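Asker: Sequence below, structure please.
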Amino acid sequence: MWIIFACGSALFAGVTAVLAKEGIRTTDSTVATALRTFVVLAGAWGMVFIVGSQAELGHIDVRSTVLLLLSGLATGASWLCYFKALQLGDVSKVVPIDKLSTVMTVVMALLLLGESVSVIGVLGIGLITVGTYAMLDADDVRQFPRAVRAGGSWLLYALGSAFFAALTAILGKAGITGVESNLGTAIRTAVVLVMAWVMVAVTGKLHEVRSVPRGELGYVLASGAATCASWLCYYRALQDGPASVVVPIDKLSILVTVVFSIVVLRESVTKRYLSGLALLVVGTLAMLIFSPN
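Answerer: Predicted coordinates for the structure are as follows:
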């Protein structure tokens, strides 16, 4: 049964980006992030009460509290960048760049935490990097400096999403000890909610909340529900199944996203793109399956 939940985790994680893309056709990405976070927050705290970790809330020390707040801010920055990237670029292009967070996390761990990486790990990093590059169009790379100067590059926001996602992982690794994972996620999500609505307010977009089209609002909220469903399936799979198998299956969500982006959003991909996708998947699986941890 656990393998079904693991596949469910990958499925729901994969469709999240597609649902979000449909929800931000005309809706501002920051407004959409703020709205969907309500649903994610409800799901996060639902998980807390399901596992019964709410009693630990009063026992979190100051250091862990600060790190949780910082990781929440990093998570919020990652989400804001991610949905902005989705609004500006194709889902099939944005998601692979976002997955570079795996590589960035390893590099940060090497430089900041003094961790080591195996030969297979180095090979995996190389495959992911080369594969991701192969999934980019030559025009995207060539026009990147000009797009950055213009302030409208989906690639810049996608890279920002990956960087802040990696920073979230490093902050967690650095010392959020003694905090149950579901409780930590719920606290981080609460920080994201506050951060997202502050961003909506300071950018003068509060008035746009009431004018979000119903159809797009439905997709935005559905993307939040898909995130919750992915979390529920993921942690349920980890309860009964081996992490060495569950985690790689969950990471295959990129395949689900690409398939849905082609079938539902009618995005086109090249043979070079598919070759890059294959390298990215192989590299990810190599890092996860052969990880010493």
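
Asker: Leu288 against Val247, yeah?
Answerer: Yes - assessed by C-beta atoms under 8 Å, Leu288 is found in contact with Val247 at 5.3 Å. For every residue, glycine as well, the C-beta is placed using N, CA and C.

Asker: Give me the phi and psi for Asp61.
Answerer: Torsion angles at Asp61 (phi, psi; degrees, to the nearest 10) stand at phi -80, psi 170.

Asker: got a list of what it touches?
Answerer: Gly178 (C-beta atoms under 8 Å, 6 or more residues apart in numbering).

Asker: Next one, pLDDT for it please.
Answerer: pLDDT for Asp61: 84.

Asker: Just the element for Thr105, please.
Answerer: helix 101-112 (DSSP states H and E).

Asker: now the helix or strand just after that helix, how far from the chain's geometric center?
Answerer: Downstream of helix 101-112, the first helix or strand assigned by DSSP H and E is helix 119-134. Relative to its chain's centre, helix 119-134 lies at 19 Å (C-alpha atoms, centre = their mean, to the nearest Å).

Asker: Name the residues of helix 119-134 that are buried.
Answerer: 121, 123-125, 127-128, 131-132, 134 (16 or more other C-beta atoms under 10 Å).

Asker: Could you list the residues in contact with the helix holding Thr105?
Answerer: By C-beta under 8 Å, 6+ apart, the residues outside helix 101-112 that reach it are 78, 115-117, 121, 125, 128-129, 161-163, 165-167, 169-170, 173-174, 284, 287.

Asker: coming back round to it: just send the buried residues of helix 119-134 back as a markdown table, with pLDDT too.
Answerer: Formatted as a markdown table, the buried residues of helix 119-134 follow (pLDDT from 0 to 100):
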| residue | pLDDT |
| --- | --- |
| Gly121 | 82 |
| Leu123 | 90 |
| Gly124 | 88 |
| Ile125 | 89 |
| Leu127 | 92 |
| Ile128 | 91 |
| Gly131 | 92 |
| Thr132 | 91 |
| Ala134 | 90 |
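
Asker: In CSV, list these along with distance to Gly204.
Answerer: Output for these, formatted as CSV (distance: C-beta to C-beta, whole Å):
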residue, distance to Gly204
Gly121, 45
Leu123, 48
Gly124, 44
Ile125, 41
Leu127, 44
Ile128, 39
Gly131, 40
Thr132, 35
Ala134, 40
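
Asker: which SS state does Val246 fall under?
Answerer: helix (DSSP: H, G, I helix; E, B strand; the rest coil).

Asker: what ranges do the helices span in the stretch 51-200 of the chain?
Answerer: Listed in chain order, the helices of the stretch 51-200 of the chain (DSSP state H, counting those that start in this stretch) span 62-88, 91-98, 101-112, 119-134, 138-142, 144-150, 154-175, 181-202.

Asker: low pLDDT regions in the stretch 151-293 of the chain?
Answerer: Applying pLDDT under 70 to the stretch 151-293 of the chain flags the ranges 151, 174-177, 244, 290-293.

Asker: Test my guess that Leu70 contacts Ile170.
Answerer: No - using C-beta under 8 Å, Leu70 makes no contact with Ile170, being 10.2 Å away.

Asker: Show me what counts as buried in stretch 31-42.
Answerer: Quick answer for stretch 31-42 (16+ other C-beta under 10 Å): 31-37, 39-41.

Asker: Closest to Leu217 out of these?
Answerer: Lowest distance from Leu217 to the buried residues of stretch 31-42 (C-beta to C-beta) belongs to Leu35, with 7.0 Å.

Asker: Against Arg63, how distant is that closest one?
Answerer: Distance, Leu35 to Arg63, by C-beta to C-beta, to the nearest Å: 33 Å.

Asker: Cys228 too?
Answerer: Cys228 is 29 Å from Arg63, by C-beta to C-beta.

Asker: Which one of these two is surrounded by more residues?
Answerer: Using other C-beta atoms under 10 Å as the criterion, Cys228 and Arg63 rank with Cys228 on top: 19 against 13.
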